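Q: show me how the following folds:
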Amino acid sequence: MPKLKRTDQDERATDFVEALDRGLRLLQVFGTVSGPATLSDLARAADLPRATARRILFTLAHGGFVMTDGKLFTLTPHVLTLAGSFLQSNQVVTVLQPVLDRIATAAQEIASLALLDGDDVVFVARSSPTRVFSAGLDIGYRLPAFCTSVGRAMLGRLGDAELAERLKVMRREAVTPQTVTDPKRLLATIIADREQGYSLVDREAEPHFRSISVPVRRYDGTIVAAINMGAHVDRVPAKELIDRFLPLLREGAEDVKSRLL
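A: Residues are numbered from 1 along each chain as shown. Down below sits the predicted model:
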């Protein structure tokens, strides 16, 4: 009998470590609970058998990632070493951080860098001038991509047909009264933003806040991230975002293009 040839799918199946997948899933659900959580709560949130969750939690505790009094479990600061490894090894963050510092100083406003993660954006770097109260878009902060300026700037890397399909299946829930959720309107907006080279979102992602973003391209023109600046609507009008912030953002994005591989 001839030997069957292994497929790529077979290879991926044998390379998959279910225990690790479950452990990572359990780590993630800590972000959905407030404060210390019971074993039952965490197992339920991670959709895991209670006995499996217990073994994983005590393994994480042995590694210093979780602490427990025997009844309640909570993450320890040691878990931040996982995020630190990403930030220190990611070329986009390393290259863009000095640019964010320069932009924030020049504009005297907070500047941020975001990456696309599924249907969300995650903020991975920021810079704040000393006079600006630093709050809000902290490292690791997530928002829906469809209603944020950084998200729309990055979604612009998709072709029209792919973008239309992506928007149709994407979860689009209004987060403010101004949030646009209609996929056809969003498609037209993102295409227009792509053509003009920036995205401006006014109170769609967060109440009383507007922001402007530009895509960050690597050496071959592929969009890999987005940088943005924003402010409270009562303090900075939309025209000022375009007149004062946009040139700084465009200059910063262009400055790093040849250095991103």
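Q: once you drop chain neighbours, what's closest to Ser40?
A: Nearest in space to Ser40, with sequence neighbours left out and distances taken as C-beta to C-beta, 6 or more residues apart in numbering, is Arg50 at 6.4 Å. (Glycine included, C-beta is placed from N, CA and C.)
Q: and the pLDDT for that neighbour?
A: What the model reports for Arg50 is a pLDDT of 94.
Q: now do the contacts for it.
A: Contact partners of Arg50, counting by C-beta atoms under 8 Å, 6 or more residues apart in numbering, are Leu39, Ser40, Ala43.
Q: Ile56 is in contact with the first one, correct?
A: No. Under the criterion of C-beta atoms under 8 Å, Leu39 lies out of contact with Ile56, with a separation of 10.2 Å.
Q: when those two are compared, which one has more neighbours?
A: The residue with more neighbours, out of Leu39 and Ile56, is Ile56; 23 against 18, by other C-beta atoms under 10 Å.
Q: so the more buried one versus Ala145, what's the distance?
A: Going from Ile56 to Ala145 by C-beta to C-beta, to the nearest Å gives 30 Å.
Q: low-scoring stretches of the stretch 1-150 of the chain, by residue?
A: Within the stretch 1-150 of the chain, the ranges that satisfy pLDDT under 70 run 1-14, 130-137.
Q: just the strands in it please.
A: Using DSSP state E, counting those that start in this stretch, the strands found in the stretch 1-150 of the chain span residues 37-38, 66-68, 72-75, 111-117, 120-127, 142-144.
Q: now do the helices in the stretch 101-250 of the chain.
A: 149-155, 160-169, 183-196, 238-240, 246-256 (DSSP state H, counting those that start in this stretch).
Q: pick the most buried one from the ones you listed.
A: Highest mean neighbour count of the helices of the stretch 101-250 of the chain: helix 149-155, a mean of 28 (counted as mean count of other C-beta atoms under 10 Å).
Q: one step back: tell me the one of the contacts of Arg50 nearest Leu20?
A: Ala43 (17.3 Å; C-beta to C-beta).
Q: surely that closest one meets Thr52?
A: Yes. Under the criterion of C-beta under 8 Å, Ala43 makes contact with Thr52 at 7.5 Å.
Q: and those two? which has more neighbours close in?
A: The residue with more neighbours, out of Ala43 and Thr52, is Ala43; 21 against 16, by other C-beta under 10 Å.
Q: residue contacts, that one?
A: Pro49, Arg50, Thr52, Ala53, Arg54.
Q: turn the residues you listed into JSON lines, including distance to Arg259.
A: Shown next, in JSON lines, are the contacts of Ala43 (distance: C-beta to C-beta, whole Å):
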{"residue": "Pro49", "distance to Arg259": "48"}
{"residue": "Arg50", "distance to Arg259": "50"}
{"residue": "Thr52", "distance to Arg259": "45"}
{"residue": "Ala53", "distance to Arg259": "44"}
{"residue": "Arg54", "distance to Arg259": "47"}
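Q: among those, which one lies nearest to Arg25?
A: Set against Arg25, the nearest of those by C-beta to C-beta is Ala53 (9.7 Å).
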